[in-house]
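Peer 1: sequence? don't have it. structure:
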């Protein structure tokens with residue numbers, strides 16, 4: 001039974017980690033190096049993340065500066081940013097690439113909040129699916145007479161409590177991200 005709880009906790013943690021990664025790629029009007037997480041540059045035939053081949057800094061609240069360690073890769077990085085469609089046009093001055101984040105419009109903020117809310121709901125569904133799988137495992141143990149009916153009830157209650165805890169975490173993360181987007 002303990003292995004079921006350990007496996008359930010691990011899978012629910014992965015749901016939270018995935019949601020956190022999702023949220024980090026959503027730009028909220030401020031420069032955030034995480035928007036480059038999904039940008040892959042062709043580095044001599046190998047797809048490479050920008051932060052593994054360049055220094056990424058935030059000199060101003062709404063600007064990212066990318067300074068590649070290999071200056072010959074400027075054009076490749078610029079091309080990869082354009083292909084990734086992160087909604088920002090890179091400015092290449094021959095030494096560094098600047099990404100200037102525009103101020104978000106009210107309409108765009110509302111769209112982003114809806115997207116954040118949708119991703120939060122998807123994470124809750126994923127957590128509930130983990131709970132369902134774990135409940136099935138507990139029922140299988142009961143069916144195989146490896147646990148008593150009382151142990152089954154206790155196990156199901158513990159799984160529900162664990163689920164409630166992770167759902168609450170998702171709601172807090174979603175609320176925090178929505179507030180970040182709506183703050184000007």
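Peer 2: Cool, the structure landed. What you see is a predicted model; the values in this text were computed from it and never measured.
Peer 1: after the biggest helix by length in the chain, next one along is what?
Peer 2: Selection of the longest helix in the chain by residue count, based on DSSP state H, yields helix 106-143. With elements assigned by DSSP states H and E, the helix or strand that comes after helix 106-143 is helix 149-182.
Peer 1: could you give the angle of that following helix to helix 106-143?
Peer 2: 170 degrees (axes from the mean of the first three to the mean of the last three CA atoms, to 10 degrees).
Peer 1: so which elements touch helix 149-182?
Peer 2: Contact here means 3 or more CB pairs under 8 Å, 6 or more residues apart in numbering; DSSP states H and E; on that basis helix 149-182 packs against helix 2-24, helix 106-143. Bear in mind the C-beta positions are built from the backbone N, C-alpha and C, glycine included.
Peer 1: will you turn these into CSV that also has distance to residue 98, mean neighbour count and mean pLDDT?
Peer 2: Formatted as CSV, the helices and strands packed on helix 149-182 follow (distance: least, CB to CB, whole Å; neighbours: other CB atoms under 10 Å; pLDDT from 0 to 100):
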stretch, distance to residue 98, mean neighbour count, mean pLDDT
helix 2-24, 21, 15, 91
helix 106-143, 21, 16, 92
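Peer 1: of all those, which lies closest to residue 75?
Peer 2: When the helices and strands packed on helix 149-182 are compared by CB to CB, helix 2-24 sits nearest residue 75, at 26.8 Å.
Peer 1: C-terminal to that closest one, what's the next element?
Peer 2: strand 40-43.
Peer 1: give me the contacts around stretch 176-184.
Peer 2: The contact list for stretch 176-184 (CB atoms under 8 Å, 6 or more residues apart in numbering) reads 23, 26, 28-29, 104, 109, 112-113, 116-117.
Peer 1: try it again with 10 Å
Peer 2: 19-20, 22-24, 26-30, 32, 103-104, 106, 108-117, 119-120 (CB atoms under 10 Å, 6 or more residues apart in numbering).
Peer 1: can you give me the buried ones in that stretch?
Peer 2: By neighbour count with 16 or more other CB atoms under 10 Å, stretch 176-184 contains the buried residues 177-178, 180-181.
Peer 1: likewise for stretch 155-174?
Peer 2: Buried-residue list, stretch 155-174, by 16+ other CB under 10 Å: 155-156, 158-159, 162-163, 166-167, 169-170, 173-174.
Peer 1: and the residue of the chain most remote from its centre, backbone torsions?
Peer 2: Residue farthest from the centre of the chain, counting by CA atoms, centre = their mean, is residue 145 at 40.7 Å. Backbone torsions of residue 145, given as degrees, to the nearest 10, read phi 60, psi 30.
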